[in-house]
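Novice: Need the 3D shape of this:
(2 chains)
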Amino acid sequence: MLGISIYKNKANFLRTSKLSNNDLCVTHHGTYKYSDLNGTISNSLKDIIKNEDIRTENSISLILDTQFCLFNQIFCDNLDSLDFHGNLSGFSDIENLDSYYYPMGARDDRYLGIHVDNKLKQKIIDSVDKLGFKIDGIGLGIFSAQKLASSMFKAKSLSKYAIIRFVTSSSIEVIYINDGLFSLYGRFNIVKNKINPIKVFGDKLSIDDIAVTIEQIVKGRKSLSKIDKVFIYQSNGQSKLIKNLINRKYNDIVLLDLFNHKNHKSLSSNVTETINRLSFCELGIMFGDLNV
Amino acid sequence: MFDIDLMNKTGLQKIISRAKIDNQKRKNDLIFGDLDSNNIEDSKVVKNENTNNSKPSFFSMLIATLILSAFIIFGIFKFKDDFYSSNFVYEFPSFITNSETSNLDIAKSLIINFISNPDKINYLNSINIDENLTLKVKINEISDLNLKQRELQFLQIIENEDSYNALFNVPLNHKVSNVDLDILLLELLDEYENRLDVFLRADGESIYFTSSGKIIYDILDRLIFIDNITIIKNSNKFFTLRFPY
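Specialist: The predicted structure is shown next:
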């Protein structure tokens, strides 16, 4: 199985093979850098197949950076009122958007809207089609990382947990899962240890839980009071907070390092290498069925 | 939690799935590196193994043997306690005690007694194994202890203003272990962090395990020759083991 996560200037890839005993082996992984998004879309798959000498695959899982998407929240009882919500929020006025609405929290009518430029999506599909590959699916960064946390880091056994992505050293993206239900999506800025919400969707209790949790992490608390665990990673740059987490064992804060999912100290000796490895967690959709 | 797939039809995505824990599912592993192509099977032809028909694994047999051994060992301790509690033991000590019992055996016997014997738990104050691998069991009562002869030789009476306390001071006569502490702690965390009957906590200097006497003894047995260990009693059923790391 081949998976590629697409960012503006780079593409991460993983190739896995299933063994006869159902264990999974990561046979190839790496990062290709490009000057812009067009270069990444047009060349990444072609370069990976050629340079990594991958011959036996004919399908691919793609993961798109959430930075390419727009998010909103709606309350909707039926399909007929979607247009109304689109008009109300202004998304209907933006052309060429593919809109997906995912249930959020315990209410039956709360949805997270995820909107992606369909021209961008089509360009990606065309680039894959051109090479004779089939697309297994297109996932989204932090939501795919949640799959890794669930399968490899045993998050599925937890009552309340969050995935935190450091988009940059001062900007974070969060999703919160409460009792198995997706309950919050948010983006925050951290300036001088103060947390400023940029965009947060979810019920009030979830927002409170996450606000307290982020504050505790920023302040260097080693245990969390509101939720069971936070799974944390960085997709770009090197946050001081992430650096401090490397080589330390916290019960409630876990680095989403696919290559060191058992957190052996000897594998975390190089801070830069460890941080570079973290962004591969966004290919977690490839490990969704694994039960470690 | 749902799966996001932007290849799906747009609009409301009604697929909701709560997290399910399938404990019966066979555990898989993740391996990194190149493979012998003979080991790789096309995903289309990989068949799920039917775990119901599989033979018992070596590991399950080992666990079963360990459980059986534990029952036998505790049976022996119960047998010993029954005999020691009567006068009979003093008349025929050689039948049930080994005159060459090591300090380590005595230390382990003391620990087990004071964290699992309901009569003795009441008297326990704390258990500590210091850097020199000397066991110190502090108790706040010296009457009705039914101590064995070999245990009495390590007993020190401490006189306070209004009461007598006691301390067992047992040098373990064992070398400090050079086991890889990181791996050992990871193994312990893997084993206990998701168990409902074990509470784990860490404060940056030490890791704390809170559980029943039996489990605390199992953990102590893994860490015993490494560093300073302290066990305190939370209640008559639960204890906290503190281990610095």
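Novice: phi, psi of the residue in the stretch 51-200 of chain A that chain B sits nearest to?
Specialist: Taking Cβ to the nearest Cβ, chain B has its nearest neighbour within the stretch 51-200 of chain A at A:G180, 3.4 Å off. All C-beta spots, glycine's among them, are computed from the backbone N, C-alpha and C. Main-chain torsions, A:G180, degrees, to the nearest 10: phi 80, psi 0.
Novice: Just to check, it is in contact with B:F2?
Specialist: No - using Cβ atoms under 8 Å, A:G180 makes no contact with B:F2, being 10.5 Å away.
Novice: May I see the buried residues of stretch A:167-182?
Specialist: Of all the residues in stretch A:167-182, those buried under the rule 16 or more other Cβ atoms under 10 Å in any protein chain shown are A:167, A:169, A:171-178, A:180-182.
Novice: A:H29: which element?
Specialist: Using DSSP states H and E, A:H29 sits in strand A:24-33.
Novice: related to what we said a few turns ago, the residue of the stretch 51-200 of chain A closest to chain B and A:G105, how far apart?
Specialist: Distance from A:G180 to A:G105, counting by Cβ to Cβ, to the nearest Å: 11 Å.
Novice: Which positions in the helix or strand just after the strand holding A:H29 come out as buried?
Specialist: Downstream of strand A:24-33, the next assigned helix or strand under DSSP H and E is helix A:37-51. Along helix A:37-51, these residues count as buried under the neighbour rule (16+ other Cβ under 10 Å): A:37, A:39-42, A:44-45, A:47-49.
Novice: next one: stretch B:135-146
Specialist: Buried residues in stretch B:135-146 (16+ other Cβ under 10 Å): B:135-139, B:145.
Novice: Can you tell me which of the residues you listed is nearest B:P171?
Specialist: Of all the buried residues of stretch B:135-146, B:L135 has the smallest distance to B:P171: 7.8 Å, by Cβ to Cβ.
Novice: where's the closest one relative to A:K123, distance?
Specialist: 70 Å.
Novice: Could you list the domains of chain B?
Specialist: B:63-96, B:105-244 (automatic domain parsing).
Novice: Tell me which of those domains sits most buried.
Specialist: domain B:105-244 (a mean of 16; mean count of other Cβ atoms under 10 Å in any protein chain shown).
Novice: Mean confidence (pLDDT) on that domain, please.
Specialist: Averaged over domain B:105-244, pLDDT sits at 84.
Novice: And for stretch A:72-88?
Specialist: Across stretch A:72-88, pLDDT averages out at 75.
Novice: residues in contact with A:N96?
Specialist: A:117-119 (Cβ atoms under 8 Å, 6 or more residues apart in numbering or on different chains).
Novice: Now, of the residues you listed, which are buried?
Specialist: For the contacts of A:N96, a burial check counting by 16+ other Cβ under 10 Å picks out A:117-118.
Novice: quick one, phi psi at A:N189?
Specialist: Backbone torsions of A:N189, given as degrees, to the nearest 10, read phi -110, psi 140.
Novice: Report the beta-bridge partners for it.
Specialist: A:S171, A:N196 (DSSP bridges).
Novice: doesn't A:S170 make contact with it?
Specialist: Yes - with contact defined as Cβ under 8 Å, A:N189 reaches A:S170; the gap is 5.9 Å.
Novice: quick one: the nearest residue to A:N178 once chain neighbours are set aside from B:N103, how far?
Specialist: Setting aside the residues directly before and after it, A:N178 is nearest to A:K160 in space (Cβ to Cβ, 6 or more residues apart in numbering or on different chains), at 5.1 Å. A:K160 sits 47 Å away from B:N103, going by Cβ to Cβ.
Novice: sorry, back to before: could you redo the contacts of A:N96 as JSON lines and give each row pLDDT and secondary structure?
Specialist: Shown next, in JSON lines, are these (pLDDT from 0 to 100; DSSP: H, G, I helix; E, B strand; the rest coil):
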{"residue": "A:D117", "pLDDT": "93", "secondary structure": "strand"}
{"residue": "A:N118", "pLDDT": "91", "secondary structure": "helix"}
{"residue": "A:K119", "pLDDT": "93", "secondary structure": "helix"}
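Novice: still on that earlier bit, which one, of the domains of chain B, ends up nearest to chain A?
Specialist: Here domain B:105-244 is closest among the domains of chain B (Cβ to the nearest Cβ), at 4.6 Å.
Novice: where in the stretch 151-292 of chain A is pLDDT low?
Specialist: A:263-269, A:289-292 (pLDDT under 70).
Novice: contacting residues around the helix or strand hosting A:T272?
Specialist: Using DSSP H and E, A:T272 sits within helix A:271-278. Here helix A:271-278 makes contact (Cβ under 8 Å, 6+ apart) with A:31, A:233-235, A:238, A:242-243, A:246, A:255-260, A:267-268.
Novice: Stretch B:116-123 now?
Specialist: Residues contacting stretch B:116-123 (Cβ under 8 Å, 6+ apart): B:81, B:113-115, B:139-141, B:144-146, B:213-214, B:217, B:233, B:236.
Novice: For chain B, just list every one of the helices.
Specialist: Along chain B, counting by DSSP state H, helices occupy B:58-84, B:88-91, B:93-96, B:103-116, B:118-121, B:149-152, B:181-192, B:213-223.
Novice: Over to chain A?
Specialist: Going by DSSP H, chain A shows helices at A:37-51, A:82-89, A:118-130, A:141-152, A:204-218, A:240-245, A:271-278.
Novice: Could you dump those into JSON lines with distance to B:L200 added?
Specialist: Shown next, in JSON lines, are the helices of chain A (distance: least, Cβ to Cβ, whole Å):
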{"stretch": "helix A:37-51", "distance to B:L200": "41"}
{"stretch": "helix A:82-89", "distance to B:L200": "45"}
{"stretch": "helix A:118-130", "distance to B:L200": "44"}
{"stretch": "helix A:141-152", "distance to B:L200": "19"}
{"stretch": "helix A:204-218", "distance to B:L200": "18"}
{"stretch": "helix A:240-245", "distance to B:L200": "18"}
{"stretch": "helix A:271-278", "distance to B:L200": "24"}
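Novice: and those, which is most packed in?
Specialist: Note that of the helices of chain A, helix A:141-152 is the most buried (mean count of other Cβ under 10 Å), with a mean of 27.
Novice: follow-up on the earlier one: what angle separates the helix holding A:T272 from helix A:141-152?
Specialist: Per axes from the mean of the first three to the mean of the last three Cα atoms, to 10 degrees, the angle that helix A:271-278 makes with helix A:141-152 is 90 degrees.
Novice: Could you tell me the angle between helix A:271-278 and strand A:24-33?
Specialist: Using the same axes, to 10 degrees: helix A:271-278 against strand A:24-33 is 110 degrees.
Novice: Quick one: residues contacting A:I172.
Specialist: Shown in contact with A:I172 (Cβ under 8 Å, 6+ apart): A:164-166, A:187-190, A:214.
Novice: cool, and A:D98?
Specialist: Residues near A:D98 by Cβ under 8 Å, 6+ apart: A:115-118, A:121, B:6, B:10.
Novice: ditto for A:Y176
Specialist: A:160-162, A:182-186, A:202, A:206, A:209-210, A:227.
Novice: any idea of the pLDDT on the residue nearest to B:L12 when sequence neighbours are not counted?
Specialist: Take B:L12 and drop its neighbours on the chain: the residue closest to it by Cβ to Cβ, 6+ apart is A:Y101, 4.8 Å away. Looking at A:Y101, its pLDDT stands at 90.
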